[in-house]
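1. prediction below, plus the sequence it came from.
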Amino acid sequence: MLNLAKIKEELKTACLGNEIHYFVEVGSTNEVAKALAAKGAKEGTVVIAETQTSGKGRLGRKWFSPKGGIWLSLILRPKIKPKDALKLTLTAAVAVARTIKENLNVNVSIKWPNDVLVENKKVCGILTEGMSEGDEMKFVVVGVGINANFDLAVLPRELWETATTLREVLGRNVDREAIIRSFLEYFEICYNKMLAGNFKHVLSEWKNFASFLGKRIVVSNTKEKMEGIAQNVDEDGSLIVRLEKGDLVKIFSGDVSIRYKN
Ligand code: BT5
């Protein structure tokens, strides 16, 4: 069980985590956070659960959330346009990557848009959702799932090749409270940079973790599937792919798989 007092006592944030809603079990922390946000919960409110019975990925996919993981959602009220919500996904990825690297001294990479990988396997996924009013976001919920203290064997067999957990990598349990604290602190720093119009600083840190840039990839989304070179990530967070004939395309959502063999 998480020790909330241990998270709060040493938390060095101005806003993030001032209010924490803790649950032993929920359907999805994102759903709880959206309901709280709709009722007026303050910016920086955090929802954390020990397990989720209906953890969600993108496009209605399932996110397995056994005991021992870190399943949390942030409620944010940034004055941004819906298309800028992607920046928050990238911001969260930077904060998770930095947390894992600096707290655990583990090599970590990011795959666009929302995966944090260790040893090329997914250790964290991010799901950003929100509600807009006109052309402004009323609130944004950033959901973060980190596979921390459980064995890979707890996940379904089809994920054993593509997923990992921090316990699996390190051979020991990690201090979940310390990880949550660092994540909230790093996120707040990056988030404030983004709000101040300095997303490019966050992006440049993101790119330092983005091992897939320059590689041959396949990107698929609900509309299309294309193969090319991952050229860059633009100021707005979109992925720029160079196709076979040299054309550049900008992608705002999709799944990337890396072709390790050309
Ligand atoms: C994601 O979606 O990676 C977003 C995951 C967000 C989870 C957090 S937990 C707190 C908050 N509350 C929620 O309900 N959600 C958020 P996507 O890129 O679509 O990846 C989903 C795919 O990852 C699935 O289809 C599986 O293949 C795989 N997967 C499922 N559970 C996993 C796990 N625990 N570890 C690694 N891979 C997993």
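-> Thanks, I have it. Residues are numbered from 1 along each chain as shown.

2. for the residue in the chain positioned nearest to the ligand, give the beta-bridge partners.
-> Closest approach between the chain and the ligand, counting by C-beta to the nearest ligand atom: residue 125, at 2.1 Å. All C-beta spots, glycine's among them, are computed from the backbone N, C-alpha and C. Note on residue 125: beta-bridge partners by DSSP bridges are residue 115, residue 145.

3. count of residues packed around it?
-> Residue 125 is flanked by 22 other residues according to other C-beta atoms under 10 Å.

4. check contacts around it.
-> 57, 63, 114, 115, 116, 144, 145 (C-beta atoms under 8 Å, 6 or more residues apart in numbering).

5. at 7 Å instead, please
-> Contacts for residue 125 (C-beta atoms under 7 Å, 6 or more residues apart in numbering) come out as 57, 63, 114, 115, 145.

6. show me what from the stretch 51-200 of the chain comes close to the ligand.
-> With C-beta under 6 Å from any ligand atom as the criterion, the stretch 51-200 of the chain meets the ligand at residues 52, 55-59, 61-65, 71-73, 114, 122, 125-127, 143-145, 147, 155, 159, 163.

7. are any of the residues you listed buried, and if so which?
-> For those, a neighbour count by 16 or more other C-beta atoms under 10 Å gives the buried set as 52, 55-56, 58, 63-65, 71-73, 114, 122, 125-127, 143-145, 147, 155, 163.

8. so residue 95: helix, strand or coil?
-> helix (DSSP: H, G, I helix; E, B strand; the rest coil).

9. how much space between it and residue 188?
-> In this view, residue 95 and residue 188 are 8 Å apart by C-beta to C-beta, to the nearest Å.
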